[in-house]
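# Kindly generate the corresponding structure for this input.
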Amino acid sequence: MYGKPSPPTSDENNKIFKILVKIQKTLNKKFNPKIPKPNEFPSHLDTPNVSSTARTLCNLLTRTSPQDIDNALSSSGIHPSEECVHEVLKLSYNYPSSAIKFFRWAGRLRKHSAHAWNLMVDLLGRNQLFEPMWDAVRTMKQEGVLSLPTFVSVFQSYCMAGRVNEAVMSFDVMDKYDIDKNVVAVNSLLSAICREENQTSVGVEFLEKKVTGKDEGKIELDGDSYAILLEGWEKEGNATKAKTTFGEMVIRVGWSQDNVAAYDAFLMTLLRALQFDEVVGFLKVMKDHDCFPGLKFFTNALDVLVKRNDAAHAIPLWDVMVVSGLLPNLIMYNAMIGLLCNNDEIDHAFRLLDEMVLHGAFPDSLTYNMIFECLVKNKKVRETERFFAEMIKNEWLPTTSNCAVAIEMLFNCDDPDAALEIWSYMVETRVRVLDVSANMVLIGLCKLKRLSEVRRFAEEMLDKRISIYDSTMNKLKEAFYKESRSSSARDKFDAIYRRWKAHVKL
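Residues are numbered from 1 along each chain as shown. Below you'll find the predicted structure:
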């Protein structure tokens, strides 16, 4: 690993080094330190798990003055491995001039790999040093290590610099470098174009002029081509263009279960444009062709529809998702059940509750409480009673607030026994916050004129130091004082009142 670098051993190496020197001179002349911004790329200072050798070399490159780097590297005694060269280059994008000197020095020790050359092309391109970048590309061709990934890097660098025309020109000359202009190359350039802001229409223009035109010969696009375009329209929020592209995709490449990314992007564009009827319509068409978007789309779509409280579109969307074989998780089930309950779609909510276990999503406290709350809100007395029993059986107690409103509803709907059953269970299970439910019990019994039970429950509540509200005591007083059948009714209330007063003072 260590040792003094040896001089070039062949005319071939001398030729390569002359080219590298030319690149260095061009770089020194053209490099503008303002492009890109300093420290725009990862460095050895902020990257974890950098090898000790690579860190030493990076420190040398960044801390040594430019004119002394060659001597410092030569006297370092380091003989970097191929992997170490790759590592140093990846961490040297902020210092292209130093990286070139390192690359030239390391090339004297061993022949550079194709990956090392690709890193150098990418490094130069990302720093907008395009003339040296092409010098490197030409050298790679001479070395026999030029490949499509090299041009992918060139495409990306030009597009990131806002020089799309030059990226297209690079595509045009690929065959001169013995690289095929196939659909993968097309997709690589198309992706680089569409990744930039508001450039999807430019990507479409490239396809029309350079790919499907008669002069250049026709390249058959594939599902990935259309997925790239549809993702571009999604980013730009252009639902109209997305529909046109989707229609062309169906005509040219047909329906395929492999085009999930295209379906995802297309439907998300419609969804974000709030075209919910269109989303449901296209989903049904996809279902007829046994093609579906992925779980990511359904998750995002459900989130949008829940926020808009739109159960009408969520129900058919959910049904298509389940038919497609995708398994919703507990979070998705709870979101959907919550949406259904908010819209009083209780039958649909019960259907999902029954099926979720079959899909490996087991209901939790939130699941049960949302349905229980919906039953109470809609005064479903018998269903509330039965569902409460099921909750207890499955050891999911309603929340204290749900218990309180359930007790109030059951008293108002003439089912006091069910209300008292809930109260008894709350006391037995030692629920901490009982005050609201306790007051609902007393008020409910008062309305039914069951004063003996009012007295008994009130005393038990005071024994347990449960708070009885002033408003509740006023209702109790009114009920007891109006009782004419028993001369002791007022005395019974007064006894409760004295205990309550003492309890309040404590």
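# When you work out contacts or count neighbours from here on, use the C-alpha atoms and nothing else.
Noted.
# which outside residues touch the helix or strand hosting residue 261?
Following DSSP states H and E, one finds residue 261 within helix 260-272. Contact partners of helix 260-272, identified using CA atoms under 8 Å, 6 or more residues apart in numbering, comprise 223-224, 226-228, 230-231, 233-235, 237-239, 242-243, 246, 276, 278-279, 282, 291-294, 296-297, 301.
# What's the ChimeraX line that selects buried ones from those?
Buried subset of these, written as a ChimeraX selection, criterion 16 or more other CA atoms under 10 Å:
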select :223,224,226,227,228,230,231,233,234,235,237,238,239,242,243,246,276,279,282,291,292,293,294,297,301
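# Mark which of the contacts of helix 260-272 are part of strands, please.
Counting by DSSP state E, none of the members of these fall within strands.
# so where's the chain shaky on pLDDT?
Counting by pLDDT under 70, the chain contains low-confidence ranges at 1-39, 212-217, 484-487, 505-506.
# do that again at 80, thanks
Applying pLDDT under 80 to the chain flags the ranges 1-39, 210-218, 483-489, 503-506.
# Helices along the stretch 51-200 of the chain, start to end?
Counting by DSSP state H, counting those that start in this stretch, the stretch 51-200 of the chain has helices at residues 52-63, 69-74, 82-90, 96-109, 114-126, 130-143, 148-160, 164-172, 183-194, 200-206.
# Save those helices as TSV, and put in distance to residue 314 too.
Shown next, in TSV, are the helices of the stretch 51-200 of the chain (distance: least, CA to CA, whole Å):
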stretch	distance to residue 314
helix 52-63	54
helix 69-74	64
helix 82-90	47
helix 96-109	53
helix 114-126	45
helix 130-143	51
helix 148-160	39
helix 164-172	41
helix 183-194	31
helix 200-206	30
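# quick one: which of the ones you listed is nearest residue 362?
Of all the helices of the stretch 51-200 of the chain, helix 183-194 sits nearest to residue 362, with 41.3 Å by CA to CA.
# The closest residue to residue 101 other than its chain neighbours: what's it in contact with?
In this structure, residue 101 finds its nearest non-sequential neighbour in residue 70, 6.7 Å apart by CA to CA, 6 or more residues apart in numbering. Residues counted as contacts of residue 70 (CA under 8 Å, 6+ apart) are 101, 102, 105.
# and of those residues, the nearest to residue 47?
For the contacts of residue 70, the closest approach to residue 47 (CA to CA) belongs to residue 102, at 19.5 Å.
# how much space between the nearest residue to residue 166 once chain neighbours are set aside and residue 207?
Distances taken as CA to CA, 6+ apart place residue 158 nearest to residue 166, at 6.5 Å, with adjacent residues excluded. Residue 158 sits 18 Å away from residue 207, going by CA to CA, to the nearest Å.
# The one helix or strand residue 427 maps to packs against which elements?
Following DSSP H and E, one finds residue 427 within helix 416-428. The elements that helix 416-428 packs onto, with contact taken as 3 or more CA pairs under 8 Å, 6 or more residues apart in numbering; DSSP states H and E, are helix 400-412, helix 435-447.
# Let me know the angle separating that helix from helix 400-412.
150 degrees (axes from the mean of the first three to the mean of the last three CA atoms, to 10 degrees).
# Name the residues of helix 416-428 that are buried.
Using 16+ other CA under 10 Å as the test for burial, helix 416-428 gives 416, 418, 419, 420, 422, 423, 426, 427.
# Kindly report the same for stretch 362-380.
So, applying 16+ other CA under 10 Å, buried residues of stretch 362-380: 363, 366-377, 379.
# pretty sure residue 316 contacts residue 279?
No. Counting by CA atoms under 8 Å, residue 316 stays clear of residue 279, with 10.2 Å between them.
# tally of neighbours for residue 131?
Counted with other CA atoms under 10 Å, the neighbours of residue 131 add up to 15.
# what does residue 432 give?
Neighbour count for residue 432, taken as other CA under 10 Å: 10.
# That one: what secondary structure?
Counting by DSSP: H, G, I helix; E, B strand; the rest coil, the backbone at residue 432 sits in coil.
# Tell me how far it lies from residue 426.
Taken as CA to CA, the span from residue 432 to residue 426 is 9 Å.
# cool, and residue 204?
Note on residue 204: its distance to residue 426, by CA to CA, is 66 Å.
# and what of residue 482?
Taken as CA to CA, the span from residue 482 to residue 426 is 31 Å.
# who are the neighbours in contact with residue 225?
Contacts for residue 225 (CA under 8 Å, 6+ apart) come out as 186, 187, 190.
# redo that, cut-off 6 Å
The contact partners of residue 225, taken as CA atoms under 6 Å, 6 or more residues apart in numbering, are residue 187.
# if I averaged out where everything in the chain sits, which residue would be nearest that spot?
residue 296 (7.8 Å; CA atoms, centre = their mean).
# what's the burial count for the residue nearest to that one when sequence neighbours are not counted?
Distance criterion CA to CA, 6+ apart; nearest residue to residue 296, sequence neighbours excluded, is residue 264 at 7.7 Å. If you count neighbours by other CA under 10 Å, residue 264 ends up with 21.
# so how far is residue 367 from residue 264?
From residue 264 across to residue 367, the span is 28 Å (CA to CA).
# any idea how far the nearest residue to residue 155 once chain neighbours are set aside is from residue 193?
Spatial nearest neighbour of residue 155, excluding adjacent residues (CA to CA, 6+ apart): residue 167 at 4.9 Å. Distance of residue 167 to residue 193, given as CA to CA: 9 Å.
# Repeat that for residue 144.
According to CA to CA, residue 144 stands 28 Å off from residue 193.
# who's more crowded, these two?
Shown here are residue 144 and residue 193; by other CA under 10 Å, residue 193 has more neighbours (31 against 10).
# I am finished for the moment; much appreciated.
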